[in-house]
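Q: model this:
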Amino acid sequence: MPWEVHIERRGKTKLEERVDLTEADLRGLEASDPQLKFGPDEDMHGVNPKTGAKITIPGRGMVLWWSGYSDPQIPRIRFSFRSGRLSATRPDDEIITKMRDVAKRLGATLVDDDGKQV
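A: Sure thing, here's the model as predicted:
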């Protein structure tokens with residue numbers, strides 16, 4: 001399984017050319033899928049329970065997937081929205097399946113870090 005998987009839109013003229021996903025694309029996706037929520041505009045803060053270190057997670061640029069995970073207060077995954085694509089680190093099969101569905105709805109493709117289709 002690839003370390004990171006990305007949802008990206010390819011251009012129509014060349015396979016290598018990318019057309020960035022936009023925040024408007026993701027807002028539209030959020031409106032059509034009640035399990036997906038665009039991340040908060042403010043950062044999230046917490047404390048590592050093992051080390052006591054303060055943790056800051058940027059809220060802007062995330063899409064959260066709420067899928068009825070074991071704890072309803074914790075999203076199933078936080079997709080990162082950067083460089084015009086939506087990414088997941090170390091996704092499992094369930095996450096890959098959701099990403100394929102999202103990619104299809106966005107007219108996009110699922111690729112690994114080398115640009116190979118997943």
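
Q: give me the beta-bridge partners of residue 5?
A: residue 88, residue 112 (DSSP bridges).

Q: over to residue 52: give its phi and psi.
A: When read as degrees, to the nearest 10, the backbone of residue 52 gives phi 80, psi 0.

Q: return the distance of it relative to residue 45.
A: Relative to residue 45, residue 52 is positioned 14 Å away (Cβ to Cβ, to the nearest Å). For glycine as for every other residue, the C-beta is placed from the backbone atoms N, C-alpha and C.

Q: the two: which is more packed in?
A: residue 45 (10 against 7; other Cβ atoms under 10 Å).

Q: centre-most residue in this protein?
A: residue 79 (2.3 Å; Cα atoms, centre = their mean).

Q: skipping adjacent residues, who's closest to it in space?
A: Closest residue to residue 79 apart from its sequence neighbours, by Cβ to Cβ, 6 or more residues apart in numbering: residue 63 at 4.3 Å.

Q: how about the helices in this structure?
A: 23-32, 93-106 (DSSP state H).

Q: would you confirm that the residue nearest to residue 79 contacts residue 85?
A: No: using Cβ atoms under 8 Å, residue 63 is not in contact with residue 85; the gap is 11.4 Å.

Q: so the two - more neighbours on which side?
A: Ranked by neighbour count (other Cβ under 10 Å), residue 63 and residue 85 place residue 63 first, with 24 against 18.
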